[in-house]
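Engineer: any chance you could fold what I've pasted below:
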Amino acid sequence: MAKDKTNYTCTECGGISPKWLGKCPHCNAWNTLVEGLADSAGQTKNRYSQQYVGLAKASEVTTLADIDATDMQRTPTGHDELDRVLGGGIVEGGVVLIGGDPGIGKSTLLLQALDSLQRAGQSTLYVTGEESGAQIALRSRRLGLEGSQVKVLAEIQLEKILATLENERPTIAVIDSIQTVYSDQLTSAPGSVAQVRECAAHLTRAAKSSGVCIVLVGHVTKEGALAGPRVLEHMVDTVLYFEGDTHSSFRLVRAIKNRFGAVNEIGVFAMTERGLKGVSNPSAIFLSQHTEPVPGSCVMVTLEGTRPMLVEIQALVDSGGPSPRRLSVGLDKDRLAMLLAVLHRHAGVACMDQDVFVNAVGGVRISEPAADLAVMLAITSSLRGRPLPKGFLAFGEVGLAGEVRPAPRGQERLKEAAKLGFSVAIVPKANAPKKNDKAFEGLTIHAVERIEQALEVVRSLQ
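Structural biologist: Modelled structure (predicted):
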């Protein structure tokens, strides 16, 4: 009996190697090659087609000016936070990939969205490969979705799923999850690189040809990235990540790719007994409720996509040993060390023998440099043991020369702070609004150009 031929496929890029290697020759990733059966029939077909490639007719090309381009029509899902991340709603023929940790709430949110769309008169289909129809029905009862008319299909074979999509023609279909779907055309097991890639490609092709919006649920690895080849993210139109701690009631849905809208948008949800509910004022999550101002706390306004959010930065400076620690949670550790050096050189605040701990409240991750000024003021407040004034906030990037640089869209940040009742703000001079602007009534704004000026303003307010 002839032995089946095998090859090795990279889980990162999908590249194929005839033998196992420690490093993928295509993307240089280590220990990512997985053994699988070679598709000899497909390889023969490819060699045959390459012999006659010169006989193929050239396709017609069109100039950009002649293409009739119109905005994509969107269908709201009934959940404002999810619509915000998607760019306004689902798009006809769009393919969305959503990933997240087990139990984070992916299936719950999608079932709620399908029920809202169905009640709005849209045809929906929920394809489950990990649960039975009875389990989906029990979840809908727990969520309070009584009398839901969402159609459910418990199937993992790709050909049957495609036939059902062709027969039902729903507006939106959810595939939960793509790792459980398999095709009879491949000999590898469900969840393998080849199966995930081919099944996703066939479903994407079906979405584009039929106009059905397909949502793929993807598993994540222990590092938090979507499992399977990275080519899966390039196939789809939108990639969403479900984030949050399973021990917390709040969840974040973040868009990292969107061909029909803005990226880096986030939607904030609260997990309740009746499922996930959108949070209209997420700033309240990331602000600690202090009855009185405490040392080491400073509020800043960060941008998540198009949404300004107020986040509290907390700092704790304590006496350290010969090797003081610098620890940051939610902020860049290397940037913290740089800010401490700038604080010492240009403001005369020395922390070289102190342990410095910095935390962004609520588990949010801040990657933009606009948090520099708030971090430095929080560190100074903790070191001196003097709290910042009540209703105080600050934002701005700080350079190595001690200058305070402007943050993008500073006017929107200040309007959000004024709307939530903050009274004092220290901002870069370039972000200072014009005088007599009624949008900032009740908010006293101090514009500074250097970090020394910011500390002088704080001392005058304390």
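Engineer: list the buried ones in stretch 286-304?
Structural biologist: 286-287, 293, 295-304 (16 or more other Cβ atoms under 10 Å). All C-beta spots, glycine's among them, are computed from the backbone N, C-alpha and C.
Engineer: what sits closest to Ser177 if chain neighbours are left out?
Structural biologist: Val217 (4.1 Å; Cβ to Cβ, 6 or more residues apart in numbering).
Engineer: list the contacts of that neighbour.
Structural biologist: Residues near Val217 by Cβ atoms under 8 Å, 6 or more residues apart in numbering: 98-99, 106-107, 110, 174-178.
Engineer: and the longest helix along the chain, what other elements does it pack with?
Structural biologist: The single longest helix within the chain, with elements called by DSSP state H, is helix 193-210. Applying 3 or more Cβ pairs under 8 Å, 6 or more residues apart in numbering; DSSP states H and E, we find helix 193-210 packed against strand 6-10, strand 33-37, strand 95-100, helix 158-168, strand 213-218, helix 231-235.
Engineer: so which of the ones you listed comes closest to Glu265?
Structural biologist: strand 95-100 (13.3 Å; Cβ to Cβ).
Engineer: okay, the very next helix or strand once past the closest one in PDB with CA atoms only?
Structural biologist: Going down the chain from strand 95-100, the next helix or strand is helix 106-119, by DSSP states H and E. Extracted in PDB, the C-alpha atoms of helix 106-119 (Å, rounded to 0.1, in the frame of the first residue of the first chain):
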ATOM      1  CA  LYS A 106     -19.000  36.200  21.300                       C
ATOM      2  CA  SER A 107     -21.900  33.800  20.800                       C
ATOM      3  CA  THR A 108     -24.100  35.800  23.200                       C
ATOM      4  CA  LEU A 109     -23.600  39.100  21.400                       C
ATOM      5  CA  LEU A 110     -24.100  37.600  17.900                       C
ATOM      6  CA  LEU A 111     -27.300  35.800  19.000                       C
ATOM      7  CA  GLN A 112     -28.700  39.000  20.400                       C
ATOM      8  CA  ALA A 113     -27.800  40.900  17.200                       C
ATOM      9  CA  LEU A 114     -29.400  38.200  15.000                       C
ATOM     10  CA  ASP A 115     -32.600  38.400  17.100                       C
ATOM     11  CA  SER A 116     -32.700  42.200  16.800                       C
ATOM     12  CA  LEU A 117     -32.200  41.900  13.000                       C
ATOM     13  CA  GLN A 118     -34.900  39.200  12.700                       C
ATOM     14  CA  ARG A 119     -37.400  41.300  14.700                       C
END
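Engineer: which one of the buried residues of stretch 286-304 is nearest to Asn258?
Structural biologist: For the buried residues of stretch 286-304, the closest approach to Asn258 (Cβ to Cβ) belongs to Glu304, at 14.0 Å.
Engineer: from the middle of its chain, how far away would stretch 264-280 be?
Structural biologist: 14 Å (Cα atoms, centre = their mean, to the nearest Å).
Engineer: span of stretch 182-191 from start to end?
Structural biologist: Chord length of stretch 182-191, first to last residue, is 8 Å (Cα to Cα, to the nearest Å).
Engineer: so how far is it from its chain's centroid?
Structural biologist: On the basis of Cα atoms, centre = their mean, stretch 182-191 sits 30 Å off its chain's mean C-alpha point.
Engineer: which residues does that stretch contact?
Structural biologist: Here stretch 182-191 has contacts from 4, 36-37, 39, 156-159, 179-181, 194-195, 198-199, 202, using Cβ under 8 Å, 6+ apart.
Engineer: what do you get if the cut-off is 6 Å, keeping everything else the same?
Structural biologist: Here stretch 182-191 makes contact (Cβ atoms under 6 Å, 6 or more residues apart in numbering) with 36-37, 158, 179-180, 194-195, 198-199.
Engineer: so which of the contacts of Val217 sits lowest on pLDDT?
Structural biologist: By pLDDT, Ser177 ranks lowest within the contacts of Val217, coming in at 87.
Engineer: may I see the contacts of stretch 182-191 organised as TSV, with pLDDT, neighbour count and distance to Asp353 added?
Structural biologist: Below are these laid out as TSV (pLDDT from 0 to 100; neighbours: other Cβ atoms under 10 Å; distance: Cβ to Cβ, whole Å):
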residue	pLDDT	neighbour count	distance to Asp353
Gly36	73	19	57
Leu37	66	15	62
Leu158	95	23	63
Gln179	90	22	52
Thr180	92	20	56
Ala194	82	24	57
Gln195	88	24	57
Glu198	90	19	60
Cys199	93	27	59
